[in-house]
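Undergrad: Kindly generate the corresponding structure for this input.
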Amino acid sequence: MEPQQPTGAAPPKQVAQAMDRLSRAGRLIAEIRIGADRILEALFIASDSQRHSEKAAELVFGEEAAMRRHFLDLRLIGKQLEESGVLSGALKSRGNSWGLHMPLVCPDGAVVAYAWKRQLAGQAGASAVDRARLALKAFTDQKKRFFPQLDDSTNTPSTKKPKLSPNPPLNPNPNPKPTLSEILKSEMPGVAISTYRRLEWTKRAEKLINCSNEEQRLGNSSERFDDVAIIEVFVSGVFRVLVSLHSAGSVEPDSLAFFSPDEGGSYIHARGVSVHNVFKHITEYAEKALQYFLSVDPNKALSHLLKWVCSYESLLSQVCSKCGKLLAMDKSLALLLPPVHRPYQFYSNGQNQDFVKALHIGCSSHDV
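TA: Modelled structure (predicted):
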């Protein structure tokens, strides 16, 4: 008489062993697929050139022997899984083993190992929850037995009704979340701000290569703020900044990049890198400012970020606040750079923003 196979949850030790074997099976299947690709590559090389035919033949024989070993190891692991009860003939007919559903079989067999491993991991977590539930039930029973007075005091329903405030606050949200239209319509003299959808900016970035004058390089601001995903900040003759929003129409920026006004091409986007060293280092510094604004107040991060970006309007004219020079040699980078750092900490704490410090990289490392 054939012994009856268990249909409930598997013991934790068997689950761990099965997961380990399925991991090895997945690695063997990957090795077999790589070997097949190498054999096909060797055959293509041999068909193109007769000189490499001997080398290709050696490669084919070697990969064939390796694939045979992998197949034997995979067959051995399959037998071990059947013996452990993961998959047996009696349970194959019912399509259920250890309470698991049979996964779909992929032609190369790769999905099978992954599907079994995922389901076994879920079962291991479920069995851990069951054990915790049983332990809690045993503890509750013991508490009722030895400390009945605690059970009476904890299960007594409260007869007191929660006291409601007779006068609700008139303004429950004193700091409302600013909208995108309010942020973009704020006055920023000398700065042109344009908005785009993501696909619209991709098309415009390609057209910037053929733009000959400054007027053609200015964008048109969209009136529908719900679809805005890219914000362009342009200062004539100084810089172009692209700010990407986390989702279209939101006020949460997720990336920005500085570029020269005369740059154009597919790399001009919010995660791109300028070909000029000045804007490349400003972009690296801007990532720190973005993370700072998001950590202080995500609702006002975009507003603070745009104000901080506009402080670079004097990039090519304002001298360093520490050394008093416009250009300075950065010893670590061996580059002659203007003051590319503008402190961003006071933009979120309400300090006076009329005078903005400008610092070289070497000067700001000692004074932040």
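
Undergrad: List the buried residues of stretch 44-61.
TA: For stretch 44-61, the neighbour count (16 or more other C-beta atoms under 10 Å) marks 46, 56, 59, 60 as buried. Backbone N, C-alpha and C define where each C-beta goes, glycine included.

Undergrad: And the helices in the chain?
TA: 12-48, 53-84, 89-94, 110-146, 148-155, 180-184, 198-207, 277-296, 301-310, 361-364 (DSSP state H).

Undergrad: Include distance to residue 255 and mean pLDDT when you put the ones you listed into a markdown table, please.
TA: Formatted as a markdown table, the helices of the chain follow (distance: least, C-beta to C-beta, whole Å; pLDDT from 0 to 100):
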| stretch | distance to residue 255 | mean pLDDT |
| --- | --- | --- |
| helix 12-48 | 35 | 80 |
| helix 53-84 | 44 | 84 |
| helix 89-94 | 52 | 48 |
| helix 110-146 | 33 | 67 |
| helix 148-155 | 52 | 58 |
| helix 180-184 | 17 | 86 |
| helix 198-207 | 12 | 88 |
| helix 277-296 | 7 | 92 |
| helix 301-310 | 11 | 92 |
| helix 361-364 | 22 | 86 |
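
Undergrad: got the contact list for stretch 318-332?
TA: 317, 335-339, 356-363, 367 (C-beta atoms under 8 Å, 6 or more residues apart in numbering).

Undergrad: Which of those residues sits closest to residue 142?
TA: Set against residue 142, the nearest of the contacts of stretch 318-332 by C-beta to C-beta is residue 367 (64.7 Å).

Undergrad: Please report the confidence value the model assigns to the closest one.
TA: pLDDT, residue 367: 48.

Undergrad: can you check residue 228 too?
TA: 91.

Undergrad: try residue 255
TA: pLDDT, residue 255: 92.

Undergrad: cool, the one 4 residues further on as well?
TA: According to the per-residue confidence, residue 259 scores 95 in pLDDT.

Undergrad: pretty sure it contacts residue 274?
TA: Yes: if you go by C-beta atoms under 8 Å, residue 259 and residue 274 touch, sitting 4.8 Å apart.

Undergrad: So for those two, which sits in the more crowded spot?
TA: residue 259 (28 against 20; other C-beta atoms under 10 Å).

Undergrad: Now do the contacts for the more buried one.
TA: Contacts of residue 259 by C-beta under 8 Å, 6+ apart are 239, 240, 241, 242, 268, 272, 274, 276, 279.

Undergrad: The residue lying closest to the third one once chain neighbours are set aside: how many residues sit nearby?
TA: So the one you mean is residue 241. Excluding the flanking residues, the one nearest residue 241 by C-beta to C-beta, 6 or more residues apart in numbering is residue 233, at 4.1 Å. By other C-beta under 10 Å, 22 other residues sit near residue 233.

Undergrad: same thing with residue 18?
TA: Around residue 18 there are 23 residues (other C-beta under 10 Å).

Undergrad: do the same with the one 5 residues further on
TA: Neighbouring residues of residue 23 were enumerated by other C-beta under 10 Å; the total is 14.

Undergrad: how close does it get to residue 181?
TA: Distance, residue 23 to residue 181, by C-beta to C-beta, to the nearest Å: 53 Å.

Undergrad: do the same with residue 315
TA: 28 Å.

Undergrad: The two: which is more packed in?
TA: Remark: of residue 315 and residue 181, residue 315 carries more neighbours, 19 against 15, as counted by other C-beta under 10 Å.

Undergrad: that older thread, take the contacts of residue 259 and lay them out in CSV including distance to residue 32.
TA: Formatted as CSV, these follow (distance: C-beta to C-beta, whole Å):
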residue, distance to residue 32
239, 54
240, 52
241, 51
242, 46
268, 45
272, 41
274, 46
276, 50
279, 49
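
Undergrad: Can you tell me the closest non-neighbouring residue to residue 242?
TA: Residue 242 sits nearest to residue 270 (C-beta to C-beta, 6+ apart), 4.5 Å away.
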